[in-house]
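> predicted model follows, preceded by the sequence.
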Amino acid sequence: MQFQGAILDVDGTVVRGEERLPGAAEGLAALASRSIPRLFVSNNPTRPATAYAEKLRRAGVDAAPSEILTAGASTVAYLGRHHTGETVYLVGERGLREQLESAGFDVVVAGRHGNPERGADVAVVSIDREFDYDTLTTAVRTIRTEELPVVGTDPDAVIPAAAGDVPGSGSMIAAVADAVEREPEAVLGKPHEITRELALDRLDCDPADCLVVGDRLDTDIALGGEQMTTVLVRSGVADESRIERSSVAPDYVVDSLADVRAVLDGDAGE
Ligand SMILES: [Mg+2]
């Protein structure tokens, strides 16, 4: 079939850490030679598209910022729709704070003093590599006292890094949600509907004409849903036992992004 667009995951699909994965260049070339527009969709909430383009360039992948959609962007879009003009209490890193502030939100940063922060309307929880017991204590007291709804940037509990997996936003969101005994109002990034909608808009593509490639069943493949053609790559976190246990079934399971060529040519086994 002739695809009109491709949604590509980044970590575990195109790169691991700062290194391009084997097969990534071949897969990208296969899409380019068929003039299929691509969009890199990442659950990384800490960098804006411009910085993410830099990261890809260092790994040898030339991508324009307009070809990148991150969890930061989908969080900003969600807040713009549901929390317009509100002040954000942020458990997260400076890179996300800058994205929220450049979108016009006032941000109260989570302290570690144990006293509730005042003046916020909504809590945003995300990866924070300085997150500790005192951060959690302050967050719990703030969210309870101020009765803040909790919004998470992305569900990734762990992230594949060069030296091994590290905890991601999902771990911090779970810690906060457990401690305040309340489910988050929304968790953005993939597979949230708003991310799917933003991606399809950006590609100007109907879901039935769109290909999704990624290494996570619960985010990348789940984003594709029933309508898109989904391809799971084994170059990231998915292993055989995860594939067998999951209720999410990809249309294709392949070794690397290079195998997208066979999917485009109709030669890949389902
Ligand atoms: Mg991935």
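Everything's here; your move.
> quick one, what contacts the residue in the stretch 151-270 of the chain that the ion sits nearest to?
Nearest residue of the stretch 151-270 of the chain to the ion (C-beta to the ion) works out as Asp215 at 4.4 Å. Every residue, glycine included, has its C-beta placed from N, CA and C. Shown in contact with Asp215 (C-beta atoms under 8 Å, 6 or more residues apart in numbering): 9, 11-13, 160, 232-238.
> ok, now which ones touch the residue in the stretch 1-150 of the chain that the ion sits nearest to?
The ion sits closest to Gly12 of the stretch 1-150 of the chain, with a gap of 3.5 Å, by C-beta to the ion. Counting by C-beta under 8 Å, 6+ apart, Gly12 touches 21, 160, 214-216, 233, 235-237.
> report the two of those separated the most.
Leu21 and Arg216 (14.5 Å; C-beta to C-beta).
> more neighbours, those two?
Arg216 (27 against 21; other C-beta atoms under 10 Å).
> that one is in contact with Ser235, isn't it?
No: using C-beta atoms under 8 Å, Arg216 is not in contact with Ser235; the gap is 11.6 Å.
> break this protein down into its domains, please.
Per automatic domain parsing, the domain ranges recorded for the chain read 5-43+190-265, 83-187.
> for those, which one ends up most surrounded?
Comparing the domains of the chain by mean neighbour count (mean count of other C-beta atoms under 10 Å), domain 5-43+190-265 comes out on top with a mean of 20.
> spell out which parts of the stretch 51-200 of the chain neighbour the ion.
Counting by C-beta under 5 Å from the ion, no residue of the stretch 51-200 of the chain lies close to the ion.
> can you show me the helices along the stretch 51-200 of the chain?
71-82, 94-102, 133-145, 169-180, 193-203 (DSSP state H, counting those that start in this stretch).
> and the first one, average pLDDT?
Meaning helix 71-82. Averaged across helix 71-82, pLDDT comes to 98.
> next helix or strand past the helix or strand hosting Ile7?
Using DSSP states H and E, Ile7 sits in strand 5-8. Using DSSP H and E, the helix or strand that directly follows strand 5-8 along the chain is strand 15-16.
> per-residue pLDDT, the nearest residue to the residue of the stretch 151-270 of the chain closest to the ion once chain neighbours are set aside?
Distances taken as C-beta to C-beta, 6 or more residues apart in numbering put Gly236 closest to Asp215, at 2.6 Å, once the chain neighbours are dropped. Looking at Gly236, its pLDDT reads 86.
> for the one 10 residues further on, same thing?
The predicted local distance difference test score for Ser246 is 88.
> OK, contacts around the residue lying closest to it once chain neighbours are set aside?
Leaving aside its chain neighbours, Ser246 sits nearest to Leu217 (4.4 Å; criterion: C-beta to C-beta, 6+ apart). With C-beta under 8 Å, 6+ apart as the criterion, the residues that contact Leu217 are 232, 238, 242-243, 246, 248, 250.
> so which of those sit within helices?
Among the contacts of Leu217, the ones falling in helices (DSSP state H) are 242-243.
> nearest to Arg112, out of the helices of the stretch 51-200 of the chain?
Closest of these to Arg112 is helix 133-145, at 3.7 Å (criterion: C-beta to C-beta).
> can I get the closest one in PDB, CA atoms only?
Taking Å, rounded to 0.1, in the frame of the first residue of the first chain, the C-alpha atoms of helix 133-145 are listed here in PDB:
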ATOM      1  CA  TYR A 133      11.700  12.400  49.200                       C
ATOM      2  CA  ASP A 134      11.500  16.100  49.900                       C
ATOM      3  CA  THR A 135      10.300  16.900  46.400                       C
ATOM      4  CA  LEU A 136       7.600  14.300  46.900                       C
ATOM      5  CA  THR A 137       6.600  15.600  50.300                       C
ATOM      6  CA  THR A 138       6.200  19.200  49.000                       C
ATOM      7  CA  ALA A 139       4.300  17.900  46.000                       C
ATOM      8  CA  VAL A 140       1.900  15.900  48.100                       C
ATOM      9  CA  ARG A 141       1.200  18.800  50.500                       C
ATOM     10  CA  THR A 142       0.800  21.300  47.600                       C
ATOM     11  CA  ILE A 143      -1.500  19.100  45.500                       C
ATOM     12  CA  ARG A 144      -3.700  18.200  48.600                       C
ATOM     13  CA  THR A 145      -3.900  21.600  50.100                       C
END
